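[1] one predicted model, sequence on top.
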Amino acid sequence: MNTRERLEAKVERREEWAEGRRAKAAVVFREAEHFHGDYAFNTQPGHIPERARLIRREEHAFEDMKMADHHDSKAAGLAHQLDRSVFSDDTDAIEKLEARIAEHERTRDRMKQINALYRKGDATGLTALGLNLDTLRAKVASIGMSFVKVPFEGFQLTNLGARIRSDKERIEEIKRRTARTEAAEANGGVTIEGAEYVRVTFAEKPERDILEALRGAGFYWQGGSWCGKREALPASVGA
């Protein structure tokens, strides 16, 4: 199960928990409807055991509704993350990252082009891009800072450049990670690289006892492999 599948499973569990809480609360609210018009039941002074039990159950039902909303909120957040994120173990991660890089590069090129046309006062060129020179001038002036002289400031271009570099670096890391996994497949399911410190890569997720042994030996997960000292490498993994 990869990262996306695990998050999808979490979304499904949250939605199931929300549905269960609401169903539980609905039972209480339906039962309480019988007493809503019962004036004597609701206003009779003194302790009425059945009324006290109903009040407690309704309080719990409202808590169930609040928790259902909480689970819905968490599920929505995870779903948003799934929609916007590219995970390194997605089967099409490289294609998605390349598409995002291309989109950011187009955006950056457009921003540079708009800045260049703006500096020249080229109203015709900006109109061809669907922009108005006077509107842009008013926007720049509204910022109220003398050093802002173009529609898109340097930090905006720098931020886009950083995102592009980061995604390119991720692509290279995914390629290295894929190569290590393929090497593990060709080597009987596991490869161990390094001298004093080693990188252990499995072709498939190993059994729980092996993972627990690695964690117990101080190994940590990084870039698709387990890393730690060779002298601490559990015998169950190999030498």
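    Everything's here; your move.
[2] residue contacts, residue 117?
    125-126, 129 (CB atoms under 8 Å, 6 or more residues apart in numbering). The way it works is simple: take the backbone N, C-alpha and C, and place the C-beta from them, glycine included.
[3] select the longest helix from the protein.
    Scanning the chain for the longest helix, with DSSP state H as the assignment, gives helix 49-84.
[4] which secondary structure elements does that helix contact?
    Here helix 49-84 touches helix 3-36, helix 39-43, going by 3 or more CB pairs under 8 Å, 6 or more residues apart in numbering; DSSP states H and E.
[5] now the contacts of residue 117: which count as buried?
    Buried residues within the contacts of residue 117, defined by neighbour count using 16 or more other CB atoms under 10 Å: 125-126.
[6] now do the end-to-end distance for stretch 182-191.
    Stretch 182-191 has an end-to-end distance of 10 Å (criterion: CA to CA, to the nearest Å).
[7] quick one: that stretch to chain centroid distance?
    30 Å (CA atoms, centre = their mean, to the nearest Å).
[8] rewinding a little: among the contacts of residue 117, which are located in helices?
    Among the contacts of residue 117, the members falling in helices (DSSP H) are 125-126.
[9] can you lay out the contacts of residue 117 as JSON lines showing distance to residue 158 and pLDDT?
    Converted to JSON lines, those look like this (distance: CB to CB, whole Å; pLDDT from 0 to 100):
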{"residue": "125", "distance to residue 158": "24", "pLDDT": "95"}
{"residue": "126", "distance to residue 158": "23", "pLDDT": "95"}
{"residue": "129", "distance to residue 158": "22", "pLDDT": "94"}
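[10] which secondary structure element of this structure has the lowest mean pLDDT?
    The helix or strand of the chain with the lowest confidence, counting by mean pLDDT, DSSP states H and E, is helix 39-43 at a mean of 60.
[11] leaving out sequence neighbours, find the closest residue to residue 209.
    Leaving out its chain neighbours, the residue that sits closest to residue 209 by CB to CB, 6 or more residues apart in numbering is residue 236, at 7.0 Å.
[12] next one: residue 72
    Closest to residue 72 by CB to CB, 6+ apart is residue 18, at 4.9 Å.
[13] one more: residue 96?
    Nearest residue to residue 96, sequence neighbours excluded (CB to CB, 6+ apart): residue 86, at 4.4 Å.
[14] looks like that neighbour contacts residue 93 (just checking).
    Yes: counting by CB atoms under 8 Å, residue 86 does reach residue 93; the two are 5.6 Å apart.
[15] the more surrounded of those two?
    For residue 86 versus residue 93, the count of surrounding residues by other CB atoms under 10 Å is larger for residue 93: 20 against 17.
[16] so who does the closest residue to residue 19 other than its chain neighbours touch?
    Nearest residue to residue 19, sequence neighbours excluded (CB to CB, 6+ apart): residue 68, at 7.7 Å. Shown in contact with residue 68 (CB under 8 Å, 6+ apart): 17-19, 21-22, 25.
[17] which one of the residues you listed is nearest residue 47?
    Distance to residue 47 across the contacts of residue 68 (CB to CB) is lowest for residue 25, with 25.2 Å.
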